[in-house]
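Q: what's the 3D shape of this:
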Amino acid sequence: MCAGDAVSVPFTVNPSLSSCSNQLFYAELSDANGDFTNATQLLPWGVSPLTVTIPVNTPGGSAYRIRVATNSPPQWGMADNGADITITPTTSWYLDADNDNYYVGNAVNACTSPGAGYKNTGLLGVDCNDGNASLTTVCPNQFITKWNLTYSGSGATQISFGVGTTGTVDYMWEEVSPGTATGSGTFSGSTATITGLPSGSVIRLIIQPTNFNRININNGTDRNRLVDVEQWGSAVEQYASSFLWLF
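A: Numbering: from 1, shown residues only. A predicted model of the protein is given here:
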């Protein structure tokens, strides 16, 4: 069973309880050792058979149990399903169709691969062209800037600035100096906040053009940290007047 799966829980009601008014039943999930002391209530409530969902953040384990309880009158301590249940935690899978260890799109959380080309290990960052293995992090259509975090700003390990978007935008960053750390993520809306950056470092921020049309530094807290625009990319060419807000 995978975390996040739907499970059918059939049960039989004791006749002495079945006449209670407003009676609903719910399922409980034990911890990974079969202990119900801090049981997780599984929704929704209802009658037999319950169709409930295992929480997606459930840790892996091989001794889980499920039991049914009722609200009217409150009844706990009932017998569980009688057999250990193995729950496998989900993994974040990313599409790398050209097998160059750079991915496109958002993560798909699943216990097994969602399809051909998906990977969950060995990935190096966001791909600018997943149909060409010779093109990885840097492509002509990306917007690429360099930031110096030794200058004061919004936070020691983050940068924040205004943006114009029409949906979710992918980005990746790489440490230019003094180390070699990398990271990636997404942003949307009117503010991009890039977190988890190495304190006191110089980083290169690579923004993919899809759904991205503007950066607005203006009088932002991190304006002095922007030290270079290394590549304007296709979004700037399309929205040139908007990017006059940069300085």
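Q: Now do the same for Q23: helix, strand or coil?
A: coil (DSSP: H, G, I helix; E, B strand; the rest coil).
Q: Spatially central residue in this protein, please.
A: In the chain, the centroid-proximal residue (C-alpha atoms, centre = their mean) is A107; its distance is 6.4 Å.
Q: Could I get the pLDDT score of it?
A: What the model reports for A107 is a pLDDT of 83.
Q: helix or strand for the nearest residue to it once chain neighbours are set aside, which one?
A: Nearest residue to A107, sequence neighbours excluded (C-beta to C-beta, 6 or more residues apart in numbering): S92, at 3.9 Å. From N, CA and C alone the C-beta is placed, and that goes for glycine too. Using DSSP states H and E, S92 maps to strand 91-95.
Q: Could you list the residues in contact with that strand?
A: Outside strand 91-95, the residues that touch it by C-beta atoms under 8 Å, 6 or more residues apart in numbering are 103-105, 107-111, 113-114, 117-120, 123, 130.
Q: Convert the C-alpha atoms of it to CSV, please.
A: In CSV, the C-alpha atoms belonging to strand 91-95 read as follows (Å, rounded to 0.1, in the frame of the first residue of the first chain):
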residue,chain,number,x,y,z
THR,A,91,9.0,9.6,-3.5
SER,A,92,9.3,12.8,-5.6
TRP,A,93,9.7,11.8,-9.3
TYR,A,94,10.8,14.2,-12.0
LEU,A,95,10.7,13.9,-15.7
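Q: Give me the buried entries from the contacts of strand 91-95.
A: For the contacts of strand 91-95, a burial check counting by 16 or more other C-beta atoms under 10 Å picks out Y103, V104, G105, V108, N109, A110, C111, G117, Y118, N120, L123, D130.
Q: ok, how many other residues are close to the residue nearest to A107?
A: Neighbours of S92 under the rule other C-beta atoms under 10 Å: 13.
Q: Return the distance of the residue nearest to the centre of the chain relative to P209.
A: From A107 across to P209, the span is 21 Å (C-beta to C-beta, to the nearest Å).
Q: farthest-separated two in the buried ones among the contacts of strand 91-95?
A: C111 and D130 (23.7 Å; C-beta to C-beta).
Q: Heading C-terminal from the strand or helix carrying the residue nearest to the centre of the chain, find the next helix or strand.
A: Using DSSP H and E, A107 sits in strand 102-110. Downstream of strand 102-110, the first helix or strand assigned by DSSP H and E is strand 118-119.
Q: same for that following strand, what does it pack against?
A: strand 91-95 (3 or more C-beta pairs under 8 Å, 6 or more residues apart in numbering; DSSP states H and E).
Q: Direction included, what does the strand it packs on pair against?
A: When pairing is defined by DSSP bridges, strand 91-95 lines up against strand 102-110 (antiparallel), strand 118-119 (antiparallel).
Q: Contacts for the shortest one, please.
A: So the one you mean is strand 118-119. W93, Y94, L95, D96, N101, Y103, V108.
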